[in-house]
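*Asks:* A structural model of the following input is requested.
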Amino acid sequence: MGEKSFRYGVTALPTAGWRSHPPSPVGLWKTIDDKTHTVTGLVRITETNRQLTGRVERVLDPTAKPGARCKPCTDERRDQPIEGLTILRGVRANADEPGVWEGGDILEPKTGKIYRVRLQVQNGGKSLEVRGYLGFFYRNQYWQRQE
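*Replies:* The predicted structure follows:
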């Protein structure tokens, strides 16, 4: 009976309606400046109520002063410490484009600029394309997954 029990079982996976889900941006990411190509920090992205939020977990920018604060910020984040600062908020999955999250904003603490944002996980979940929009202009950064 032992040998026969391994021979019989499910041999095929259902294919109708079965679709794998793209990797999620939830996790810890190493941020890389799109202009200088230097590592600037670690951002942890979490999901609550189907919305993504990203918080600076650690500043790694060699030009940043210890205990730096967001002096140029113009909203409630003004003068807040950059470590622990929420820089990504209100991002939701795009129902029409699996693997794309958008609709929220991202803050650049060095300048205080707030961009509309679009996120897309790439390379099987190893990198994250972060696109910030200001009007018709945009910038891309490519973050690396840390965990």
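*Asks:* so which strand or helix has the most centrally placed residue in the chain?
*Replies:* Centroid-nearest residue in the chain: residue 25, 4.6 Å away (criterion: Cα atoms, centre = their mean). Assigned by DSSP states H and E, residue 25 falls within no helix or strand.
*Asks:* Over to residue 23?
*Replies:* Secondary structure (DSSP H and E) places residue 23 outside all helices and strands.
*Asks:* my guess is it contacts residue 127, does it?
*Replies:* No. The criterion here is Cβ atoms under 8 Å, and residue 23 misses it with residue 127 at 10.1 Å. The C-beta positions use only the backbone N, C-alpha and C, and glycine is treated the same way.
*Asks:* Find the residues that touch each one of these two.
*Replies:* Each of residue 121 lies in contact with both residue 23 and residue 127 under the rule Cβ atoms under 8 Å, 6 or more residues apart in numbering.
*Asks:* neighbours of residue 135, just the number please.
*Replies:* Counted by other Cβ atoms under 10 Å, the residues lying close to residue 135 total 7.
*Asks:* Quick check on it: phi, psi?
*Replies:* Torsion angles at residue 135 (phi, psi; degrees, to the nearest 10) stand at phi 60, psi -130.
*Asks:* can you pull the contacts of it?
*Replies:* Residue 135 makes contact with no residue under the criterion Cβ under 8 Å, 6+ apart.
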